[in-house]
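1. One predicted model, sequence on top.
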Amino acid sequence: MALLQISEPGESPEPHTRRLAVGIDLGTTNSLVATLRNAVPECLPDGQGRAMLPSAVRYAEDEIQVGHHALAHRGDDALNTITSVKRFMGRSVADLRDESKARYQFTTPSGDGKGQLKITTRRGSVSPIDVSAEILRALKARAEESLGGELYGAVITVPAYFDDAQRQATKDAAQLAGLNVLRLLNEPTAAAVAYGLDQKVEGAYLIYDLGGGTFDVSILRLTRGVFEVLATAGDTHLGGDDFDEALAKYAFDTWQLTRALSPAGQANLLAAARAAKESLTESETATIKVNWGCGFDSSVDVTRETFFAITQPLVERTLSAVKKSLRDAKLKVDQIDGVVLVGGATRMPHVRAALETHFGKPPLATMNPDEVVALGAAIQADQLAGNAKPGEQHLLLDVIPLSLGIETMGNLVEKVIPRNSTIPIAKAQEFTTFKDGQTAMAFHVVQGERELVSDCRSLAKFELRGIPPMVAGAARIRVTFQVDADGLLSVSASEITSGVRAEVAVKPSYGLADGEIASMLQSAFTNANDDMQARALAEARVDAQSLLESMQKAFEEDRALLSDAEHATLTSQMGYLKQLAQGNDHRAIVRASEDLNRASTEFAGRRMDKAVQRALAGKTLDQIA
Amino acid sequence: MNNIVDHFSILRVERAFALDLDALAAAYRDLQSAVHPDRFANAPDAEKRAAMDQAVIVNDAYNTLRDPVKRAMYLLWLKDVNGMDEKNTSMPHDFLVEQIEWREAIADAKLKEDVDRLDEMITELQNIIDSMGSTFSAVYEGGHIATATTLARKMRFMQKLTEEVDQAIAGLE
């Protein structure tokens, strides 16, 4: 008897319509993938039960190895085994610190040290985007095998303090790995979601996220399913790696080695330092021991006290960011209801002690600090895939970490969007010409807090041409910044009196152009042109189907918002799309879908107005104010 | 100008300087729960764009109204006064002298690396802005727009000082 299968609109979809969605924590040292099973987030382990995949990629003679296999060769094949690649995302050779420069053979496309750096391996030069894509591919394969189907999409986490170039590079890597990116989510925000929903807490929480290579602190207010980020601060060059390096330097100095280490020696020393650091969490002393080969080895004992002393400056740097975030959120330490620890490096006892002293209460470590980010991302992925029931939905209101601005005369930055503004956001600023008859204007978009352009990160340069000649100061050039929910920026400029326009998505020097991704994907599918065609057709059909279903649902809910003529037009366009979707011309399907989307813009706007009305319905001014 | 869709009517609070900030935040959360792009992740593109537009409008309204200085400037703007215009009015002499004294005090504390003193300054400045806000509220409601404009500009000067102290602390930590 199937008669009782009545499901109300908006109720949980049938099991077979549930979309496979995952959260991915793409970490400096380790990466994880998680999903929601029976409403509980869990990390997906590999065949040997290990949830963490070392973020290491080795370009071997005959294959590309990822994870544990790659990491095993960090000592004997150092130049071809890439670790901590996250530190190079969206970065140029000029950005590298001296310690990093020695690790690999870096090249730069333009030769001037600017632009996304590349690393030379035996299999040619690879970009950090390529390397990250290998890690993501491995996690995608693990998830698809474990869940038994193709993934609908993924939420990828990034450090909250990542700038636009680093975010764009991450998104490019995910697309290169064949993932549908549902959202780039800030790591501390993801952790707050996992923690907040698991512990069912409300109030102001500070997320202290010390990962392998990055440090973030975010303050959130949790109120009835809404996670509102009040402020974020951090340092994308501070993490557990730095504690390893401090210990390695201590050992190096103690041994009074006279020569600089080879990349292999450096890798061995760092691995030994890391092992010592980890054991100092439990024991009072540890030994750093390195076998240099040819019968030589060195060792030194380190006490916990010494380790704390040499790394205390690093802990102090994290506390500065904590204080900055509190000032930005306009909160005092006693107004913070809890401090949540995220990231493996927060296991170090002196980090916990410093936080306890600062906040007057012990930090919260009820969830596994290695997994909490991936778990939160999985929860968000499930919701964005449309699997969550309406009553169980939560909402994330995140911010941009760094101010966005534009270069003005004299190497100065005019801020257009200040840091910690809630996204999505759009802001316009007006500029004018400074010469008579000026017909073009150059714009330089930068990110950062400093006043001088040279102290900020350059994101993009573009030009507005075709301005009608006028006297200086007469043209009205409006520059609009828009930051979407992923935290990604696009900028457009137009001259108001003439309507001349220029637009850029901000990704020229670091990310990949859209065409580049397409061609890289195509080369990944070499000899498989038929596959590509089939895939494009399948995707176009799925998209058309989902659009038609959404429109049908919108009609059922809001037919009253349309005149009969409007309804008839949309209905006929839907019929046309439905017909095309049965055929094999994927371009025609895509075009008809776009047309239908365009035609329904007005209807969508009316539906949105209605949603706004409903949100505040039944509440009079007195009740709200 | 009562019929335009201003930030106050978007967030359904009375058009006044004195606001219940908790109610404002609650209305903001309710609205974002309805229009945030995440709610439309699987919707057709047209609805996604409409959601994005609405979310931007709501964020803009909230960012303006929750900050006392922006709120004051916005109330003046609703009366066709641009309080941010530097050419608008010259500031009273004694106020400018006070500004110089503040700057000297900040520079002095910065030189002595006295973070505690700088922290105190932030609290003091905040209190001054709050009390100027109360006066602004009364003067604005009383229809004395010119006086209200001067007050709002003073508040903006004080907020700039706060930002300077903030940067001084960040530089020392």
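-> On my side now, so go ahead.
2. quick check: domain ranges of chain B?
-> Under automatic domain parsing, the residue ranges defining each domain of chain B are B:7-66, B:93-172.
3. tell me the average confidence for the host helix or strand of residue A:316?
-> Using DSSP states H and E, residue A:316 falls within helix A:304-329. The average pLDDT within helix A:304-329 is 94.
4. what's that helix packed up against?
-> strand A:203-210, strand A:215-223, strand A:226-235, helix A:240-255, helix A:349-359, helix B:145-172 (3 or more Cβ pairs under 8 Å, 6 or more residues apart in numbering or on different chains; DSSP states H and E). Just so you know, the C-beta spots here come from the backbone N, C-alpha and C atoms, and that holds for glycine as well.
5. quick one, that helix and helix B:145-172 angle?
-> If you take axes from the mean of the first three to the mean of the last three Cα atoms, to 10 degrees, helix A:304-329 sits at 170 degrees to helix B:145-172.
6. residues of helix A:304-329 that come out buried?
-> Within helix A:304-329, the residues that count as buried by 16 or more other Cβ atoms under 10 Å in any protein chain shown are A:304, A:307-308, A:311, A:314-315, A:317-329.
7. again with stretch A:329-341
-> Neighbour-count burial for stretch A:329-341 [16+ other Cβ under 10 Å]: A:329, A:331, A:336, A:338, A:339, A:340, A:341.
8. Just the ones of those in strands?
-> A:338, A:339, A:340, A:341 (DSSP state E).
9. any weak-confidence spans in chain A?
-> A:1-17, A:98-99, A:110-114, A:502-532, A:616-625 (pLDDT under 70).
10. So it: which segments form each domain?
-> According to automatic domain parsing, the domains of chain A span A:18-198+A:368-389, A:240-309, A:404-515, A:527-615.
11. With respect to burial, which of those domains scores highest?
-> Stretch with highest mean neighbour count among those: domain A:18-198+A:368-389 (a mean of 21; mean count of other Cβ atoms under 10 Å in any protein chain shown).
12. Check the offset of stretch A:101-120 from the chain's centre.
-> What separates the centre of stretch A:101-120 from the centre of its chain is 23 Å, taken as Cα atoms, centre = their mean, to the nearest Å.
13. end to end, how far does stretch A:42-57 reach?
-> Counting by Cα to Cα, to the nearest Å, you get 25 Å between the two ends of stretch A:42-57.
14. my guess is residue A:274 meets residue A:244, correct?
-> Yes. Residue A:274 is within contact range of residue A:244, at 4.6 Å (criterion: Cβ atoms under 8 Å).
15. so who does residue A:352 touch?
-> Residues near residue A:352 by Cβ atoms under 8 Å, 6 or more residues apart in numbering or on different chains: A:341, A:346, A:362, A:363, A:365.
16. Quick one: which of those is the most crowded by neighbours?
-> residue A:341 (25 neighbours; other Cβ atoms under 10 Å in any protein chain shown).
17. Relative to chain B, how far out is that one?
-> 21 Å (Cβ to the nearest Cβ, to the nearest Å).
18. May I have the beta-bridge partners of that residue?
-> Note on residue A:341: beta-bridge partners by DSSP bridges are residue A:208.
19. Would you check that residue B:44 makes contact with residue A:552?
-> No. Residue B:44 lies out of contact with residue A:552 (Cβ under 8 Å); the separation is 11.0 Å.
20. where does stretch A:249-267 sit relative to the chain's centre, distance-wise?
-> 35 Å.
21. give me the low-pLDDT residue ranges for chain B?
-> Across chain B, the ranges flagged by pLDDT under 70 are B:1-4, B:86-89.
22. Let's see that with 80 instead.
-> B:1-5, B:83-90, B:173 (pLDDT under 80).
23. As a quick check, tell me the outermost residue of it.
-> residue B:44 (36.2 Å; Cα atoms, centre = their mean).
24. Next one: it from residue A:67, what distance?
-> As defined by Cβ to Cβ, to the nearest Å, residue B:44 lies at a distance of 39 Å from residue A:67.
25. Could you identify which of the domains of chain B is most buried?
-> Highest mean neighbour count among those (mean count of other Cβ under 10 Å): domain B:7-66, with a mean of 20.
26. ok, it near chain A or not?
-> Yes. Shown here: domain B:7-66 in contact with chain A (Cβ under 8 Å from any Cβ of the partner chain) through B:12-14, B:19-20, B:23, B:25-27, B:29-39, B:41-47, B:49-56, B:59-60, B:62-63.
27. start to end distance for that domain?
-> Using Cα to Cα, the span of domain B:7-66 from its first residue to its last is 11 Å.
28. Please name the nearest non-neighbouring residue to the residue in the stretch 301-450 of chain A that chain B sits nearest to.
-> In the stretch 301-450 of chain A, no residue comes nearer to chain B than residue A:320, which is 3.8 Å away by Cβ to the nearest Cβ. In this structure, residue A:320 finds its nearest non-sequential neighbour in residue B:173, 3.8 Å apart by Cβ to Cβ, 6 or more residues apart in numbering or on different chains.
29. hang on, isn't that neighbour packed against residue B:115?
-> Yes. Residue B:173 lies in contact with residue B:115 (Cβ under 8 Å); the separation is 7.0 Å.
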